[in-house]
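Engineer: Predicted coordinates and the sequence they were generated for:
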Amino acid sequence: MDFPKEYLQVVKEIEKFAVRELREPALEWDLNPDPKHLLAFWEKSRSLDLPFIPVPERFQGVGYGPLCQAMAVEALARQCPGAASVFVHHFAGLFPVQFAEEGRQSELWRGVTNGQGGGIAGVVLDGEHALTLTMKNNDWVINGRSSLTANVSYAGWMCVFTKANNQENLCLIVPLDAPGVSLGPDSELPGLKINPFRSLVFKDVKLPPDAVIKISETSQSIKSQTRDLLHAFIAAAALGAARTAFEKALAYAKERYQYGKIIIQHQEIRRMLGAMRMNLDAARAFLYAYFDEKSGVHAAHVKAFCTDAAFNIVVDAIQIHGGYGYMHEQGLEKLMRDVKVLQVLGGSNPQLLVDSIKG
Amino acid sequence: MDFSPPPYGLFSPDIDLMVNLPGLGKLREKHPAYIARAENAQAAARKFAVNHILPRSLETDKKCSQDPAYFDWDLWHAANRQKFTIACLPEKMGGLGWSALANAAAVEEFSSACMGSTANILFNTFGVLGAMVECKTGIVLSMIKKMLQAQRQGAPLFYSWAITEPGAGTDMEDARAMEAMRPSCHAQKVRGGYSLSGVKCFITNGSLAHYVIINMPADPEHPLESMATFHVPTDAPGFSVGRVERKCGQKASQTAELFFDRVFVPDADVWARPGKGFDHTREILSITRGFVGLCGMGIARGALERCIRYAATKQTPQGRLIDQDWARFALADMIKDLHMVRAAAYNFAMALDAFHVWKLFDSLAVKGAARLPDRLLLSDSLLALAKNTPASEAGSIFKKKIVTGKVLDEFVKHGSALKVAGTDLAMKTSSRVLDIVGLEGMSREFGMEKCFRDAKVTQIYEGSNQANLLDLFHEEIGVLLQRVF
Ligand SMILES: Cc1cc2nc3c(=O)[nH]c(=O)nc-3n(C[C@H](O)[C@H](O)[C@H](O)COP(=O)(O)OP(=O)(O)OC[C@H]3O[C@@H](n4cnc5c(N)ncnc54)[C@H](O)[C@@H]3O)c2cc1C
């Protein structure tokens, strides 16, 4: 695929930045996932305009589309999939903003660019229909407990898709400091630890009418576009992790001796590395094909294929490292845990395959 | 929500050895006591797993993530009180008299509850195994005596088996690799014994060990020809423990670096003389690899049972998770693999009883010894007698008659096959289970993510699966090639 030159430029900067700011700390954050680490990183990332990539130029953003966002996520995930996952949900949560009324848009974008009390976004797709929405005295009232959600430790607001009691689909912006919003316990997932997943609990949360971005059919289509993007970004994060795992394994195979020779001289190791590289390249081609509208590729398939491929790559990278691969300091077992979470994020892969074919 | 898990496997009080392995029925007709003993072991182990291991496994895992050197002594003492730590010793001597089959049944129960705790309670057998392999009567008897005494007093007694070096893992497990390796450890011959120097790494229980059974070459230029096995008390001057590793899983079990700085070992503690060290390793591996495969099967089972329990109560917009067609196919597919590997695992265990060192317990000589009154059996005078060279060598010679080179070849073959099958099963099942239960089911509290973290290392230790496949090839196809072509 031909990546636009300016995107490649941006990604190059992000890569350098991530090596500098994430490579070392990522392991420490895994053990001690204090939100202040990520917030400090976010602050620094603003100097690169990283959080504003999706913000239109006329609102002082970068205005680059989902392809560039996916590339950014991949670059970050090479050093820390957990930090990348915050951007995954931020970018996905920002996507619907462009469909709001001009005034509301301006307000929301400004919140992102000036970072005040709403710099980081998130998204709730409510696939399990756990939330209820009713109209009371001209206010929307939201109740219920969401499934496990990312970015709850960071986001100023969440873009929430849900159904009103008259069955209309709505897309709303819900500030997390609204009275009645609270967080469920930390689910302690095995990976992406710097981005702890919790459920959001809404108890009679009142929202003004302008919280609604879009209703009904349009909202339904925005929802599926948002879900698709989420899937593509998750795939990108998994591939970033897989690329690092592959590179580490390749380098290690060239320096580790067993049987009196470097292990890359054993055919079975080369077969494994060959399979890893093949799957990595195939998965990346598949992911970026998604951004070519003509390809007709299914986002859910991209997510399922890329995360499964990434998982196998990371597991084999550990195997090539032998006992060292299982130790925390190598960083590979962390990647395996991170990718395992990415594999089920946004719907588990077998379920997505079932749902992708209408029967 | 009314949460009543389906009574299945780990979550059922019913003993199911014969249900899972109905083929044992024929054997039971002839040897009811043999089967009954295994069923009793399964019952005792499941009870212990459910009442002691399971309730604290997540908490211990968490404590160990904060401090890798944390050890759950309460659990260990509870296991010790029930004699699980000396289960393999004959009943008459004071152990539980577990056959390999009984041991297998217990290992499956323990490892399906928590693999790390299993290692703490049962991997101590490395000590007795090492002794049995050489079978010098004096050494075996004095070790048994120590183990019994410690158990009675409730005092921990740990043995580690240390072969891996920082630069050599596979190299220490395969003759062809050992020939070409560049060892960093050296056992230098000195007057009256050897002086050991070097570093060993990734040693299970190394930080807790009272004794280490260790392999080092007497001549680093010729490692295979000079590899020797030593029995080293950890209070020997020059021995020290490095860091305890921070691992992905099996956190309850400690893995440590060991340093040897001119540690003196007297000739009497040379278990396998230079040149015989590799044979010692291979013989231990011929037993332990199969058991690691069995552990893998247990991990897979634990993951699957937790998944079934979760899926039976989890509601989705389309109904219970377990009622989804795709989930049913996936579960059935995993159970199918579990049954296949379990059959192979128990077949291996019974083969150990029939042909390997377990057979020694059946032999007249040992039975005769075990019939001696307790006090006499472990008395110092008998020990002294057993320690004199001719008597001691008699044990060795006797053992070699039973466990011949051909028997070993067979066990390396089947053990390696089971090791790879069981550990690949552990990884595949524990990972796939997470795909079924999704994000919420992956939360720490349901224990499935821990099964997954625990599983990965089983493909690495006791010889990487690649090393096992190489052995399998050589023992099965390589031998054929030599004979036929
Ligand atoms: C938790 C844990 C507990 C352990 N406990 C103990 C213990 O109690 N005692 C002990 O002595 N050791 C122990 N070990 C060490 C373990 O046995 C070794 O890690 C294992 O043997 C692999 O060795 P290595 O890590 O050095 O990998 P290496 O031998 O360096 O292998 C690296 C990679 O190369 C592959 N490879 C090597 N040669 C070939 C070839 N010819 N063809 C194809 N692939 C090849 C291997 O499969 C592996 O994937 C433990 C390890 C761990 C992680």
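Structural biologist: Yep, that arrived. Residues are numbered from 1 along each chain as shown, chains lettered A, B, ... in the order given.
Engineer: Helix or strand: which one has the nearest residue to B:Phe126 once chain neighbours are set aside?
Structural biologist: Distances taken as C-beta to C-beta, 6 or more residues apart in numbering or on different chains place B:Trp161 nearest to B:Phe126, at 4.1 Å, with adjacent residues excluded. The way it works is simple: take the backbone N, C-alpha and C, and place the C-beta from them, glycine included. Per DSSP states H and E, B:Trp161 falls inside strand B:159-162.
Engineer: That strand pairs with which strands?
Structural biologist: Within its sheet, and counting by DSSP bridges, strand B:159-162 is paired with strand B:211-217 (parallel).
Engineer: Just checking the distance from the helix or strand that comes right after the partner strand to the centre of its chain.
Structural biologist: Counting by DSSP H and E, the next helix or strand C-terminal to strand B:211-217 is helix B:223-226. Taking C-alpha atoms, centre = their mean, to the nearest Å, one finds helix B:223-226 lying 26 Å from the centre of the chain it belongs to.
Engineer: Show me where chain B has its strands.
Structural biologist: Under the criterion DSSP state E, chain B carries strands at the ranges B:159-162, B:186-190, B:193-204, B:211-217, B:227-233, B:239-244, B:255-266, B:270-272, B:315-316, B:319-320.
Engineer: Next one: A:Phe3 from the ligand, what distance?
Structural biologist: Counting by C-beta to the nearest ligand atom, to the nearest Å, the gap from A:Phe3 to the ligand is 35 Å.
Engineer: if I've got this straight, that residue is in a helix?
Structural biologist: No: using DSSP: H, G, I helix; E, B strand; the rest coil, the secondary structure at A:Phe3 is coil, not a helix.
Engineer: Distance check, it against A:Ile234.
Structural biologist: 20 Å (C-beta to C-beta, to the nearest Å).
Engineer: In terms of neighbours, single out the busier of these two.
Structural biologist: A:Ile234 (32 against 14; other C-beta atoms under 10 Å in any protein chain shown).
Engineer: Would you indicate which residues of the helix or strand containing that one are buried?
Structural biologist: Using DSSP H and E, A:Ile234 sits within helix A:216-255. Using 16 or more other C-beta atoms under 10 Å in any protein chain shown as the test for burial, helix A:216-255 gives A:219-220, A:222-223, A:225-246, A:248-250, A:252-253.
Engineer: is it true that B:Lys136 touches B:Glu393?
Structural biologist: Yes: contact criterion C-beta atoms under 8 Å: B:Lys136 and B:Glu393 qualify, at 7.3 Å.
Engineer: SS state for the closest residue to the ligand within the stretch 51-200 of chain A?
Structural biologist: Nearest residue of the stretch 51-200 of chain A to the ligand: A:Pro190, at 17.5 Å (C-beta to the nearest ligand atom). Under three-state DSSP, the three-state class of A:Pro190 is coil.
Engineer: That one - how many residues pack around it?
Structural biologist: When neighbours are counted by other C-beta under 10 Å, A:Pro190 registers 23.
Engineer: got the contact list for it?
Structural biologist: Contact analysis of A:Pro190 by C-beta atoms under 8 Å, 6 or more residues apart in numbering or on different chains lists A:337, A:340-341, B:442, B:444, B:449, B:452-453.
Engineer: just those now: which is nearest the ligand?
Structural biologist: B:Arg453 (11.5 Å).
Engineer: who touches that closest one in this structure?
Structural biologist: A:190, A:333, A:337, B:248-250.
Engineer: before we move on, what about B:Ala467?
Structural biologist: B:170, B:173-174 are the contacts of B:Ala467 under C-beta under 8 Å, 6+ apart.
Engineer: The residues you listed: which ones sit near the ligand?
Structural biologist: With C-beta under 6 Å from any ligand atom as the criterion, the contacts of B:Ala467 include B:170, B:173 near the ligand.
Engineer: Between the contacts of B:Ala467, which sits nearest the ligand?
Structural biologist: B:Thr170 (3.2 Å).
Engineer: so that closest one touches B:Ala177, yeah?
Structural biologist: Yes: counting by C-beta under 8 Å, B:Thr170 does reach B:Ala177; the two are 5.3 Å apart.
Engineer: what residues do these two have in common as contacts?
Structural biologist: Here B:Thr170 and B:Ala177 have A:258-259 as joint contacts, going by C-beta under 8 Å, 6+ apart.
Engineer: Test my guess that A:Leu229 contacts A:Leu94.
Structural biologist: No: taking contacts as C-beta under 8 Å, A:Leu229 lies outside contact range of A:Leu94: 9.8 Å.
Engineer: Where does the stretch 251-359 of chain A get nearest to chain B, residue-wise?
Structural biologist: A:Gly260 (2.8 Å; C-beta to the nearest C-beta).
Engineer: and that residue, backbone torsions?
Structural biologist: Note on A:Gly260: its backbone torsions stand at phi 70, psi 10 [degrees, to the nearest 10].
Engineer: before we move on, what about A:Gly144?
Structural biologist: Torsion angles, degrees, to the nearest 10, at A:Gly144: phi 120, psi 180.
Engineer: and the gap between the nearest residue to it once chain neighbours are set aside and B:Gln318?
Structural biologist: Of all residues not flanking A:Gly144 in the chain, A:Leu131 sits nearest, at 4.0 Å (C-beta to C-beta, 6+ apart). Note on A:Leu131: its distance to B:Gln318, by C-beta to C-beta, is 18 Å.
Engineer: Quick check: which ranges of the stretch 251-400 of chain B have low pLDDT?
Structural biologist: Screening the stretch 251-400 of chain B residue by residue with the criterion pLDDT under 70, one finds the ranges B:363-391.
Engineer: Name the residue of it with the shortest distance to chain A.
Structural biologist: Counting by C-beta to the nearest C-beta, the stretch 251-400 of chain B gets nearest chain A through B:Trp326, at 5.2 Å.
Engineer: Which phi and psi values does A:Gly331 adopt?
Structural biologist: phi 80, psi -10.
Engineer: OK, contacts around the closest residue to it other than its chain neighbours?
Structural biologist: Among residues not flanking A:Gly331 along the chain, A:Leu27 sits closest, at 5.8 Å (C-beta to C-beta, 6+ apart). Contact partners of A:Leu27, counting by C-beta under 8 Å, 6+ apart, are A:328-329, A:331, A:334.
Engineer: Quick check, the residue in the stretch 1-150 of chain A closest to chain B?
Structural biologist: A:Leu148 (4.9 Å).
Engineer: okay, now that residue: neighbour count?
Structural biologist: Neighbour tally, A:Leu148, other C-beta under 10 Å: 20.
Engineer: Look at the closest residue to it other than its chain neighbours and report its pLDDT.
Structural biologist: With C-beta to C-beta, 6+ apart as the criterion, A:Leu148 has its nearest non-adjacent residue at 4.2 Å, and that residue is A:Phe197. A:Phe197 carries a pLDDT value of 98.
Engineer: so what are the domain limits for the chain?
Structural biologist: Let's take chain A. A:5-117, A:120-215, A:219-356 (automatic domain parsing).
Engineer: switch to chain B, that's the one I care about
Structural biologist: B:9-155+B:280-484, B:159-275.
Engineer: hmm, back to that, with respect to A:Tyr290, which of the contacts of A:Pro190 is nearest?
Structural biologist: Nearest to A:Tyr290 out of these is A:Val341 (C-beta to C-beta; 21.2 Å).
Engineer: Run the angle between the helix or strand where the closest one lies and helix A:216-255 for me.
Structural biologist: In this structure, A:Val341 sits in helix A:332-344 according to DSSP H and E. If you take axes from the mean of the first three to the mean of the last three C-alpha atoms, to 10 degrees, helix A:332-344 sits at 160 degrees to helix A:216-255.
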